[in-house]
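Peer 1: Let me see the structure of the following:
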Amino acid sequence: MNRPDHVDAYGSLPEQIVELYRAAQRDEDDGSRGLVVLLHGGFWRSRWDRTHLRPLAAALAAAGWTVALPEFRRVGDGGGWPATFDDVRAIVSRVPGLVRERFGQTPASSPAPVVLAGHSAGGHLAVWAAAQEPLRASVDRVVALAGVLDLTEGHRLALSSDAVGELLGGAASPGFAERLAAADPMLLEVPVTVGIATVLVHGELDDEVPVSFSRGYAERDPRIRFEPLPGVGHYELIDPSSDVFAQVLAALADAH
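Peer 2: Model prediction:
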């Protein structure tokens with residue numbers, strides 16, 4: 001249960017693999033709603049991997065999405081700056097092509113949208129990637145679920161025992177300010193300004209990543225769709241059995 005249909009490599013390193021889930025057929029003539037590239041959270045640390053998002057990936061596939069669930073290097077297994085970011089660049093650049101090779105392009109009449117989505121630290125990586133000029137052509141929508149979208153504030157708060165400091169090599173190390181500026185979505189161009197529909201979903205009771213991170217990011221441009229969810233915490237957003245799963249599906253399907 002929740003096992004992928006295929007596992008492919010997007011690079012030569014052991015962590016550079018991606019699990020692919022085929023979209024369930026919705027009717028006789030219709031294909032996938034599109035591709036969701038789903039980046040997992042875990043505060044960029046190696047103790048958490050993609051496996052905790054397998055139930056969500058399987059549920060999205062059952063709802064008609066083709067899903068790519070990649071792994072990437074994280075702090076503790078050779079990740080951090082710049083390796084984690086290099087892997088995300090490779091994921092966004094290469095994985096849609098792997099999916100086309102494996103499953104074909106559906107529907108055949110027009111290219112299906114590519115949605116770059118992520119939860120928590122994965123939400124940060126998704127929005128960061130969508131802000132990178134070379135990657136924009138590969139992304140139609142970006143959806144952050146409880147995203148860590150303000151690294152400067154996350155570092156100031158020492159969020160999760162200063163996970164931001166760990167990601168960027170330590171606040172006392174030379175060049176930390178420059179790395180923070182290059183990694184913090186709050187300091188980068190907003191993807192919606194270059195035509196990438198942007199949706200932020202965040203539980204108002206989130207005690208892992210403050211909802212103010214998404215609210216503050218959304219204030220940068222009125223075209224960003226921000227959905228605060230009353231009574232919802234951090235993990236309900238990735239639980240397909242939760243009451244908010246329908247809102248997650250809506251964010252993926254209707255990001256404009």
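
Peer 1: Phe103 contacts Thr66, doesn't it?
Peer 2: Yes - between Phe103 and Thr66 a contact is recorded at 6.1 Å, counting by C-beta atoms under 8 Å. (C-beta placed from N, C-alpha, C; glycine too.)

Peer 1: Looking at those two, which one has more neighbours?
Peer 2: Each of Phe103 and Thr66 has its neighbours counted (other C-beta atoms under 10 Å); Thr66 has more, 28 against 18.

Peer 1: now stretch 152-171, how far from the chain's geometric center?
Peer 2: Relative to its chain's centre, stretch 152-171 lies at 19 Å (C-alpha atoms, centre = their mean, to the nearest Å).

Peer 1: One more: stretch 4-21?
Peer 2: Worked out by C-alpha atoms, centre = their mean, stretch 4-21 lies 16 Å from the chain centre.

Peer 1: what pLDDT, on average, does that stretch get?
Peer 2: On average, the pLDDT along stretch 4-21 is 97.

Peer 1: okay, and the common contacts of Phe103 and Thr66?
Peer 2: 20, 22-23, 32 (C-beta atoms under 8 Å, 6 or more residues apart in numbering).

Peer 1: As TSV, these with neighbour count and secondary structure would be great.
Peer 2: Shown next, in TSV, are those (neighbours: other C-beta atoms under 10 Å; DSSP: H, G, I helix; E, B strand; the rest coil):
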residue	neighbour count	secondary structure
Leu20	22	strand
Arg22	16	coil
Ala23	24	coil
Ser32	24	coil
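
Peer 1: all helices of the stretch 1-150 of the chain, in order?
Peer 2: 54-62, 83-103, 121-130 (DSSP state H, counting those that start in this stretch).

Peer 1: among those helices, which is nearest Gly42?
Peer 2: In terms of C-beta to C-beta, the element of those nearest to Gly42 is helix 121-130, at 6.1 Å.

Peer 1: and the angle for the closest one with helix 83-103?
Peer 2: Counting by axes from the mean of the first three to the mean of the last three C-alpha atoms, to 10 degrees, helix 121-130 lies at 80 degrees to helix 83-103.

Peer 1: and helix 121-130, what other elements does it pack with?
Peer 2: Judged by 3 or more C-beta pairs under 8 Å, 6 or more residues apart in numbering; DSSP states H and E, the packing partners of helix 121-130 are strand 35-39, helix 83-103, strand 114-119, strand 141-145, strand 197-203.

Peer 1: just how off-centre is the longest one within its chain?
Peer 2: Between the centre of helix 83-103 and the centre of its chain there are 13 Å (C-alpha atoms, centre = their mean).

Peer 1: now, among the shared contacts of Phe103 and Thr66, which is nearest to Glu153?
Peer 2: Nearest member of the shared contacts of Phe103 and Thr66 to Glu153, counting by C-beta to C-beta, is Leu20, at 35.2 Å.

Peer 1: Many thanks, have a good one.
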